[in-house]
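K.L.:
All I have is the shape, not the residue letters:
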Ligand SMILES: Cc1cc2nc3c(=O)[nH]c(=O)nc-3n(C[C@H](O)[C@H](O)[C@H](O)COP(=O)(O)OP(=O)(O)OC[C@H]3O[C@@H](n4cnc5c(N)ncnc54)[C@H](O)[C@@H]3O)c2cc1C
């Protein structure tokens, strides 16, 4: 059994969790962070990050290391372990990793994972022309030819966003129609830079050091298509399975907070507009890509992590006995 009660436990050690750690540790709450295994989150899979304010260019893992160093200096204890179980049914809250830990408040920042096609060649060229984020990497493809894979709204958004940079976009979809909303489909189908490849599967991403193209299969025939980059836009999965049945999630598994549920016209059981990052359980706060399926950026995750830290700090002050 746990011997002491932490003020705050942070679950997740990506940008959102680390930002929450900066603020809670400077507020002298001595946060205990379970950073996950592997630690660091999605930025660990990123090469160049050029859109983090104040840092013109940095590789993702270095940005994470700098954040970890900063929070340790302020007194955050980091454990590079996964939380295996949670119990939010009574206070103090209990979480289980190598043993049980108790806490007065919890910040959940377990993030999300981009879904990939699952090809070996795709994984080999990740960060070398294969990307899952056009907002992040589109800029590197000025006047280049790129492919986008997918048929939902995110694939349409990624393809349209890339028209600002690329000279040509091949939108590759394995079915004969898109799942995306009518308006997005129309924009894509009417764009003169976008060519749609229906009923087409990617067999292999070509290239050794960098993407050079893809090998495609359509109507039983295979062919090669030259590309400078490939954007996989087949969806994201929030890392929230652990919390099912413990806090309210939306139908896709994203955590509902007072802010996001209010936007959808709903009120969570523990609704208090003062605590925007509050979840359905009072004292449990959530931040980052496990909540956000719209913006999905390091900067926005950091912003939400800061909000969760301030919410936790104020909630602890208000409920202190
Ligand atoms: C290929 C790629 C390139 C990108 N490039 C950029 C870019 O250039 N600029 C930009 O701003 N954004 C970029 N992003 C997006 C950015 O990485 C994410 O928006 C950001 O990392 C989200 O931060 P987060 O803290 O919410 O979640 P994550 O980064 O997903 O971190 C979540 C953390 O929680 C941990 N975790 C999960 N489950 C548990 C558990 N049970 N117990 C303990 N820990 C757990 C995970 O291990 C992970 O460490 C990119 C994303 C990808 C995939």
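P.N.:
Cool, got the structure. All of these numbers come straight from a predicted model, not from anything done at the bench.

K.L.:
Around the ligand, pick out the residues from the stretch 151-300 of the chain.
P.N.:
Contacts of the stretch 151-300 of the chain with the ligand, taken as CB under 6 Å from any ligand atom, map to 239, 242, 288-289, 296-299. Every residue, glycine included, has its C-beta placed from N, CA and C.

K.L.:
Specify the beta-bridge partners of residue 205.
P.N.:
residue 214 (DSSP bridges).

K.L.:
What count of nearby residues applies to residue 265?
P.N.:
With neighbours defined by other CB atoms under 10 Å, the count for residue 265 comes to 6.

K.L.:
what about it, which SS state?
P.N.:
coil (DSSP: H, G, I helix; E, B strand; the rest coil).

K.L.:
Reduced to three states, what does the closest residue to the ligand within the stretch 151-300 of the chain come out as?
P.N.:
Nearest residue of the stretch 151-300 of the chain to the ligand, counting by CB to the nearest ligand atom: residue 288, 2.3 Å away. Counting by three-state DSSP, the backbone at residue 288 sits in coil.

K.L.:
Could you tell me the average pLDDT over stretch 297-310, please?
P.N.:
Averaging pLDDT along stretch 297-310 gives 97.

K.L.:
buried sites along it?
P.N.:
Going by neighbour count (16 or more other CB atoms under 10 Å), the buried part of stretch 297-310 is 297-298, 300-310.

K.L.:
and what of stretch 121-136?
P.N.:
Buried residues in stretch 121-136, counted by 16+ other CB under 10 Å: 121-122, 125-126, 129-134, 136.

K.L.:
Those: which ones sit near the ligand?
P.N.:
By CB under 6 Å from any ligand atom, the members of the buried residues of stretch 121-136 lying near the ligand are 131-133, 136.

K.L.:
Mind checking which of those are in helices?
P.N.:
residue 136 (DSSP state H).

K.L.:
In strands only, show me the ones next to the ligand among the buried residues of stretch 121-136.
P.N.:
residue 131 (DSSP state E).

K.L.:
Between the ones next to the ligand among the buried residues of stretch 121-136, which sits nearest residue 257?
P.N.:
residue 133 (22.8 Å; CB to CB).

K.L.:
what sits against the closest one?
P.N.:
For residue 133, the contact set (CB atoms under 8 Å, 6 or more residues apart in numbering) comprises 114, 231, 296.

K.L.:
surely the last one meets residue 233?
P.N.:
Spelled out, it's residue 296. No: using CB atoms under 8 Å, residue 296 is not in contact with residue 233; the gap is 11.8 Å.

K.L.:
Many thanks, have a good one.
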